[in-house]
Structure formats: structure tokens, C-alpha cells
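[1] Based on what follows, work out the 3D shape:
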Amino acid sequence: KQFKIFGMYLDIDISLIVVLFVFFASGYIKNILVSFLAVLLHEAAHAVVAKLLGYKIERIKMFALGGVVVIKESLFVSLPQYILIALSGPLANFLVSFLALGISNILKQNIFLWEIFIYSNIVIGIFNLLPIFPLDGGQIIKECMAHFMGIKKSIKVLVVSSTILSIVLFMAGCYATKYHPLNIMISVVAIFLY
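    Next comes the predicted model:
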């Protein structure tokens with residue numbers, strides 16, 4: 001499904017619709033919609049910063065386990081601009097969670113979905129900074145290493161480190177399920193990254 005928002009196309013992959021249905025059937029639809037909003041804010045920040053730097057956004061693609069901003073001139077992005085675009089998503093998540101926490105403290109109310117929104121933004125921000133390709137942290141490391149050692153060598157190094165970190169993340173997710181069953185999503189994301 002494709003929508004046009006603020007002059008940019010938003011593609012919704014069928015995998016996201018399937019995940020939404022599964023969470024609806026299990027009674028966690030509100031949780032996943034709030035988390036999806038945090039992911040959408042993350043991707044929108046990438047798109048806005050890229051647009052401000054003069055790049056044309058082809059589309060934002062949303063999948064079950066995240067999203068990606070497709071920039072038409074992606075081959076011509078300079079290293080500092082690439083890092084700025086990559087960091088904008090996690091920074092937006094941290095800023096939004098900080099503002100939401102401030103509003104929550106001012107209102108002196110603990111609303112469950114509001115807490116999930118704050119938590120989701122913090123987790124998505126931190127998670128995307130992990131040095132695993134294709135996450136933002138992995139993208140930044142790949143571009144920095146490519147700048148100094150060439151693209152082929154940087155990809156080889158990143159493939160090995162991403163594989164190791166994905167396995168560690170998978171085991172952490174399995175362990176975390178003893179605290180909450182939804183933590184299995186950590187392992188699912190690890191499999192996707194692997």
C-alpha cells in the first residue's frame with residue numbers, strides 16, 4: 001500500500017500488515033501501534049534532514065521490523081552529510097522521548113501508552129545506534145571505514161561484526177523473554193538482522 005504525505009511516498013509492506021494483525025489477535029494492538037509511531041518518527045527524521053540537505057526522497061518504506069528512507073542521490077551523499085542523516089533518526093527518538101517524559105512529569109500522570117511511547121523511542125534510538133548493518137550505527141561505521149580502508153574491506157569487517165552481534169542479540173532476546181513474553185521480538189529482530 002502506498003500513501004503520499006508531505007510530498008513523500010510512504011510504502012507499507014505486507015509484512016507490517018501481517019504483524020499488526022498478529023498483535024491485534026493477541027491483544028497488543030495498542031502497544032504495537034505506539035511503537036510503530038516511534039519507528040515512523042525515526043524514519044521521518046531521516047527524510048526531513050535529507051530533504052533539508054537538498055536530497056530528493058524517493059520514498060519511505062515501512063516493514064514489519066522497521067523502515068528505510070530511499071534517497072534518489074544516495075551515491076552522492078558526502079560522509080559528514082551521511083552521518084548527519086543517519087544520526088537524525090536516533091536523535092529524534094531521544095528528543096521525542098525527552099519531551100514526552102517532560103510532559104508526563106508536568107501532568108503528573110502515568111499513562112500506560114504514554115510510557116510505552118517513551119520506552120519505544122528510547123529503545124529504537126539506542127537499538128539503531130548498534131554497530132550492526134543495516135542499522136544506522138552499522139551504516140555510519142561502514143561509511144567511515146570505507147572512507148579509510150575502501151568499501152570492500154569495510155563490508156567484510158562489518159559482515160563479521162554484524163553476524164557476531166546479531167547472535168549475541170538473539171541470545172539476549174531469548175534470555176529476556178523470562179521477564180516479558182514480548183521480549184521475544186528482540187530475537188526476531190536479531191534473526192532479521194542476521
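[2] going forward, measure contacts between C-alpha atoms and count neighbours the same way
    Fine.
[3] by contact count, what packs against the helix ranked longest in the chain?
    Counting residues, the longest helix found in the chain (DSSP state H) is helix 79-107. Using 3 or more CA pairs under 8 Å, 6 or more residues apart in numbering; DSSP states H and E as the contact test, the elements touching helix 79-107 are helix 29-52, helix 112-128, helix 136-149.
[4] want to throw those into a markdown table with mean neighbour count and mean pLDDT?
    Below are those laid out as a markdown table (neighbours: other CA atoms under 10 Å; pLDDT from 0 to 100):
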| stretch | mean neighbour count | mean pLDDT |
| --- | --- | --- |
| helix 29-52 | 20 | 85 |
| helix 112-128 | 19 | 85 |
| helix 136-149 | 18 | 87 |
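[5] which sections of the protein are below the confidence cut-off?
    In the predicted model, the chain carries pLDDT under 70 at residues 1-7, 28, 73-77, 109-110, 182.
[6] and the longest helix of the chain with helix 136-149, angle?
    160 degrees (axes from the mean of the first three to the mean of the last three CA atoms, to 10 degrees).
[7] Now residue 155: closest residue in space that isn't a chain neighbour?
    residue 142 (6.6 Å; CA to CA, 6 or more residues apart in numbering).
[8] what's in contact with stretch 104-112?
    residue 114 (CA atoms under 8 Å, 6 or more residues apart in numbering).
[9] end-to-end on that stretch?
    End-to-end distance for stretch 104-112, by CA to CA, to the nearest Å: 11 Å.
[10] For that stretch, which residues meet the burial criterion?
    With burial defined by 16 or more other CA atoms under 10 Å, the residues of stretch 104-112 counted as buried are residue 104.
[11] so how far is that stretch from its chain's centroid?
    In terms of CA atoms, centre = their mean, to the nearest Å, the centre of stretch 104-112 is found 26 Å from the chain centre.
[12] I'd say residue 79 and residue 144 touch.
    Yes. Counting by CA atoms under 8 Å, residue 79 does reach residue 144; the two are 7.4 Å apart.
[13] returning to that earlier point: ok, which of the helices and strands packed on helix 79-107 comes nearest residue 179?
    For these, proximity to residue 179 was assessed by CA to CA; helix 112-128 is nearest, at 15.7 Å.
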